[in-house]
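Asker: return a 3D structure for these sequence lines:
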Amino acid sequence: MTPNWNRLFRKIHYWGALLISLPTLIIITTGIILHLKKNIDWIQPPTRDSNINDQLTISFDNILSTATKAENANIKNWNDIARLDVRPDIGIVKVKAKNNWEVQIDTYTGNIVQVAYRRSDIIEDIHDGSWFHKNFKNWLFLPAGIFLLILWITGVYMIFLPYIVKSNKKKLKNKFN
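Answerer: I've put the predicted structure just below:
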């Protein structure tokens with residue numbers, strides 16, 4: 001007995017869409033927000049200009065001591081820092097604190113250029129599912145993404161199926177005429 005591919009794909013498409021609707025909604029919504037992160041300061045603070053100079057004169061010790069002056073960032077030592085993003089071409093080092101505050105420091109003068117809250121990392125964690133639980137990323141959002149690909153494939157099949165059937169009927173009709 002040959003399987004009815006049309007019926008099977010419709011069932012997969014129907015139930016699969018229902019199963020992955022919430023994770024897919026989260027992925028799409030946060031993806032749109034992340035797409036706009038360079039355009040909306042609320043999502044990610046813009047990188048400020050500084051005194052661009054050929055030499056980076058600030059040391060790691062200076063970066064830490066300057067970052068501790070930003071009260072909102074609540075940086076006391078290196079353990080409070082999640083990462084440094086050094087931009088020598090524009091003379092800025094971004095110090096991202098573990099509490100998601102970002103301190104931008106001029107690499108020539110060592111002055112604080114900007115202190116702002118950075119939401120893009122939280123939105124990225126929501127986007128990939130790791131914000132909800134450490135296992136959601138691989139056990140819910142990854143399968144949802146894979147099933148979304150399957151929905152796309154079955155959807156494309158269902159779009160072209162009527163054209164394939166019509167073409168086959170036409171060939172069959174021409175064969176017997």
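Asker: and the strands in the chain, which stretches?
Answerer: 81-87, 92-97, 101-106, 112-117 (DSSP state E).
Asker: out of these, deepest packed?
Answerer: Highest mean neighbour count among the strands of the chain (mean count of other C-beta atoms under 10 Å): strand 101-106, with a mean of 25. In short, each C-beta sits where N, CA and C put it, glycine included.
Asker: that strand - contacts with which helices or strands?
Answerer: Using 3 or more C-beta pairs under 8 Å, 6 or more residues apart in numbering; DSSP states H and E, the elements in contact with strand 101-106 are helix 60-67, strand 92-97, strand 112-117.
Asker: could I get these as TSV with mean pLDDT?
Answerer: Listed next are the helices and strands packed on strand 101-106 as TSV, based on pLDDT from 0 to 100:
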stretch	mean pLDDT
helix 60-67	94
strand 92-97	94
strand 112-117	93
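Asker: coming back round to it: and the strands of the chain as a markdown table, adding distance to residue 150?
Answerer: Shown next, in a markdown table, are the strands of the chain (distance: least, C-beta to C-beta, whole Å):
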| stretch | distance to residue 150 |
| --- | --- |
| strand 81-87 | 36 |
| strand 92-97 | 37 |
| strand 101-106 | 39 |
| strand 112-117 | 39 |
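Asker: for residue 139, which of the ones you listed is the nearest?
Answerer: Comparison of the strands of the chain against residue 139 by C-beta to C-beta identifies strand 81-87 as nearest, at 25.1 Å.
Asker: just checking: what are the partner strands of that closest one?
Answerer: Note on strand 81-87: by DSSP bridges, its sheet partners are strand 92-97 (antiparallel).
Asker: run the chain-centre distance for the longest helix anywhere in the chain.
Answerer: Using DSSP state H, we find that the single longest helix of the chain is helix 142-176. How far helix 142-176 lies from its chain's middle: 31 Å, per C-alpha atoms, centre = their mean, to the nearest Å.
Asker: right, I'll leave it there.
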